[in-house]
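J.: Prediction below, plus the sequence it came from.
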2 protein chains.
Amino acid sequence: MTVQRGWNFLQTPGPTNIPNRVLNAMHTPAVEFAGPEFQAFCTSLFTDLTTLFKTDGRVFIYAANGHGAWEAALTNSLSPGDKVLIPETGRFGLSWGDMGRTLQIEPEILPNDWRSAIDPADVEARLSADTNHEIKAVLLVHTDTATGITCDVAAVRAAMDAANHPALLMVDTIASLMTTDFRMDEWGVDVTVAAGQKGIMLPPGLAFCAVNEKALEVHKTSTMPRGYWDWTYRMNEEVFYMAFCGTAPEQLLFGLRAAIDMLWEEGFDNVFARHARLSSAVRAGIDTWAEAGALELFARNVDERSNAVTAILVDPAYDPVHVRNICRENFNLALGNGLGKVAKETFRIGHMGDLNEPMVFGTLASVEAGLKLAGVPYKSGGVEAAIEVLTAS
Amino acid sequence: MTVQRGWNFLQTPGPTNIPNRVLNAMHTPAVEFAGPEFQAFCTSLFTDLTTLFKTDGRVFIYAANGHGAWEAALTNSLSPGDKVLIPETGRFGLSWGDMGRTLQIEPEILPNDWRSAIDPADVEARLSADTNHEIKAVLLVHTDTATGITCDVAAVRAAMDAANHPALLMVDTIASLMTTDFRMDEWGVDVTVAAGQKGIMLPPGLAFCAVNEKALEVHKTSTMPRGYWDWTYRMNEEVFYMAFCGTAPEQLLFGLRAAIDMLWEEGFDNVFARHARLSSAVRAGIDTWAEAGALELFARNVDERSNAVTAILVDPAYDPVHVRNICRENFNLALGNGLGKVAKETFRIGHMGDLNEPMVFGTLASVEAGLKLAGVPYKSGGVEAAIEVLTAS
């Protein structure tokens, strides 16, 4: 094995490049987790986290990953036998449904082409047909990292309202939060699921549920067995450390403090604009390569393409794994693998978190070099196209 | 001021990008500097350092920067009033001479065009004319970071031998060591000067003198006043901590241990080959831009171009500072300023240390974008040219 030198370009769709400032904040000894100082620190964190979700609701922090937050959302607000509707956004909506099935929830998939966003009209039609209100929740993935497509959450809410349906709207923002705008309260989201290792720039290990009043009301009558994930248990004001159901993940929380500070300093709108700009540059590079006919952007519609990750569809004559292996071995560049039903024909470039222009340029040029070495036909000039995008005023 | 995100591309000619492994090794509490464990650690370091210089001589480690090592070399082996000959390699040879003047040494500059390496025949002619052997040392800079030119040290030694002249050969390898091959003993170098913050990938703060038997002999009769730098003082075997003339720079030494291990693991020849490959890619990019006539590679001769840094000469109609400022402000990319007599018309790209392909691609694309925004004419396609170089088998 060759020794790798220089930065590891971790252009997977999570975990993402962790800023040294976050790592340094975590480089701190353990503290007394029941002490007043740590309690005050956490109280401000819980409050400050609500700004990321744009909610006046309540945020729960779990020592867990995004799958843990999925389970927390389901177990706290549903009961065994409940039906949920899952508009098919790609791999992750389906997986959320699979997890629901293990918890005795009955997922119904609203089928959709993975290459375009879901149609809110389909949601409205299905919910309108559910006259007995058997569907208790709509589970929606904001940005599916398998496809690189971002759905219109507000439009789904409008569809639910148009159907006059009482189901909860639960949204997975694991890949989208802090890469693109998300407005929990304004868009009428009841439960938001998130995790730390993508736009929030943390090491994996923290998951979040943001919950509004309606969801907390439903929670009271939900009968799903739950221990670790239980919102009621974690809302105990008397015994603070119950907020984490045991030992708090202290160092990850120190890192979260630094990450929130960094996001505030840059300004959320600037963070989103940076992600939009950099992802446009990535797409311009891919569109250039695509002119040779051997690959193309997976997401068909321009305005549905994600700020966080881009999937690339490769002609079956070529193997995306080969391209990824070449990039890893020759250029210290990690790319995302294909997932689900498009596992064999796609690969992905993650572009979220602590990212800037030269990192995008270096990534694109290395992918272009990887295509060359793998013998995948491409039109050269992807980086030049990205330079055009990033120097346009 | 805009908030900068992502990695800072520090493509100055030192300090260079410091590997996390080195930073982590330094993240260690202070230790007892006179204790047996630390002494054993340092003893192995002194031995292992000789492999970097390819010498059987002795290496001194200073808590200092490269300028400190310059002074150490001069004060330990010369006497007030001594003459030294300095083949003009660029800014740093002249500065070494200026420092000598403050120490009552008389530098004589052997003039040379900064855009090509020195001619060993000039050294031979000058030394042959010095029939009284008034010149006590030749001070040679292996790679001058102002010009990006690397001299042929062995050829200078051969010229000195041809002149049958007893002067010491002192070589500054601050920018060259661990970016290109250097063979102290084989090339007949008597004193080598180096520092940690370039090819050795350390934070600034460590300087080195590697010294052979001949230099140690001359040292015995040298009358230059010296305290901190004194080799004799530091060779005291009885009192180990005198090796550092007081408190040892412990954390930097922990970092040095990690850096040497990394260089050994990669293999010196692989390290040099990587630097050669990556610097060729940088030059291919610059040569492409140069076709528009507004800039060119400063170093005229292909085989004299350095593995460590490349200087770019810009048409006087354009301001290199403007390009550098744009790159810093827009792309989080730091480039080297012009120095000495070419300060106003050059800028520099450092490419030494912990560097890989995507870092070079990202740098080149950002410089190209910077040229565009600064209105400096260039032929686009610099990155494509670099991709060609780095995918050639």
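T.: Great, that's in hand.
J.: Close to chain B: what parts of the stretch 151-300 of chain A are there?
T.: A:262, A:265, A:266, A:267, A:270, A:274 (C-beta under 8 Å from any C-beta of the partner chain). Where C-beta positions appear, they are placed from N, C-alpha and C, glycine not excepted.
J.: quick check, nearest of the residues you listed to chain B?
T.: residue A:266 (4.3 Å; C-beta to the nearest C-beta).
J.: quick revisit: now go through the residues of the stretch 151-300 of chain A next to chain B and say which are in helices.
T.: A:262, A:265, A:266, A:270, A:274 (DSSP state H).
J.: Helices of the stretch 251-393 of chain A, start to end?
T.: Read by DSSP state H, counting those that start in this stretch, the stretch 251-393 of chain A holds these helices, from start to end of the chain: A:268-290, A:320-331, A:357-374, A:382-391.
J.: Just send the ones you listed back as JSON lines, with mean neighbour count, distance to residue A:91 and mean pLDDT too.
T.: Formatted as JSON lines, the helices of the stretch 251-393 of chain A follow (neighbours: other C-beta atoms under 10 Å in any protein chain shown; distance: least, C-beta to C-beta, whole Å; pLDDT from 0 to 100):
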{"stretch": "helix A:268-290", "mean neighbour count": "20", "distance to residue A:91": "20", "mean pLDDT": "98"}
{"stretch": "helix A:320-331", "mean neighbour count": "20", "distance to residue A:91": "15", "mean pLDDT": "97"}
{"stretch": "helix A:357-374", "mean neighbour count": "27", "distance to residue A:91": "22", "mean pLDDT": "98"}
{"stretch": "helix A:382-391", "mean neighbour count": "23", "distance to residue A:91": "26", "mean pLDDT": "98"}
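J.: out of these, nearest to residue A:310?
T.: Proximity to residue A:310, assessed across the helices of the stretch 251-393 of chain A by C-beta to C-beta, is greatest for helix A:268-290 (5.4 Å).
J.: Dump stretch A:386-393 to PDB, keeping only the CA atoms.
T.: Backbone C-alpha positions of stretch A:386-393 (Å, rounded to 0.1, in the frame of the first residue of the first chain) are rendered in PDB as follows:
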ATOM      1  CA  ALA A 386     -16.100  25.400 -12.500                       C
ATOM      2  CA  ILE A 387     -13.700  28.400 -12.600                       C
ATOM      3  CA  GLU A 388     -16.200  30.200 -14.900                       C
ATOM      4  CA  VAL A 389     -19.000  29.600 -12.400                       C
ATOM      5  CA  LEU A 390     -16.900  30.700  -9.400                       C
ATOM      6  CA  THR A 391     -15.500  33.800 -11.000                       C
ATOM      7  CA  ALA A 392     -18.900  35.000 -12.300                       C
ATOM      8  CA  SER A 393     -19.900  38.100 -10.400                       C
END
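J.: which residues touch it?
T.: Stretch A:386-393 is contacted by residues A:277-278, A:280-282, A:284-285, A:357, A:360-361, A:364, B:365, B:368-369, B:372-373, B:380 when judged by C-beta atoms under 8 Å, 6 or more residues apart in numbering or on different chains.
J.: repeat for stretch A:232-247
T.: Stretch A:232-247 is touched from outside by A:33-34, A:39, A:42, A:46, A:58, A:60-63, A:219-220, A:227-228, A:230, A:248, with contacts defined as C-beta under 8 Å, 6+ apart.
J.: where's the dip in pLDDT among the residues you listed?
T.: When the contacts of stretch A:232-247 are sorted by pLDDT, the bottom entry is residue A:34 at 86.
J.: For it, give me its contacts.
T.: Counting by C-beta under 8 Å, 6+ apart, the residues that residue A:34 touches are A:240, A:241.
J.: Also residue A:371?
T.: Applying C-beta under 8 Å, 6+ apart, we find residue A:371 in contact with A:289, A:295, A:323, A:378.
J.: Over to residue A:13?
T.: Residues counted as contacts of residue A:13 (C-beta under 8 Å, 6+ apart) are A:145, A:175, A:198, A:308, A:309, A:336, A:348, A:350, A:352.
J.: Let me know the closest of the residues you listed to residue A:78.
T.: The shortest approach to residue A:78 among the contacts of residue A:13 belongs to residue A:175, at 23.0 Å (C-beta to C-beta).
J.: what helix or strand is that closest one on?
T.: Assigned by DSSP states H and E, residue A:175 belongs to neither a helix nor a strand.
J.: Can you report phi and psi for it?
T.: Backbone torsions of residue A:175, given as degrees, to the nearest 10, read phi -90, psi -20.
J.: go on, residue A:143?
T.: On the backbone of residue A:143 - angles per degrees, to the nearest 10 - the values are phi -120, psi 120.
J.: Tell me which stretches of chain A form strands.
T.: A:9-11, A:58-63, A:83-87, A:106-110, A:135-141, A:143-144, A:149-150, A:168-172, A:191-195, A:206-211, A:295-297, A:309-314, A:333-337, A:346-350 (DSSP state E).
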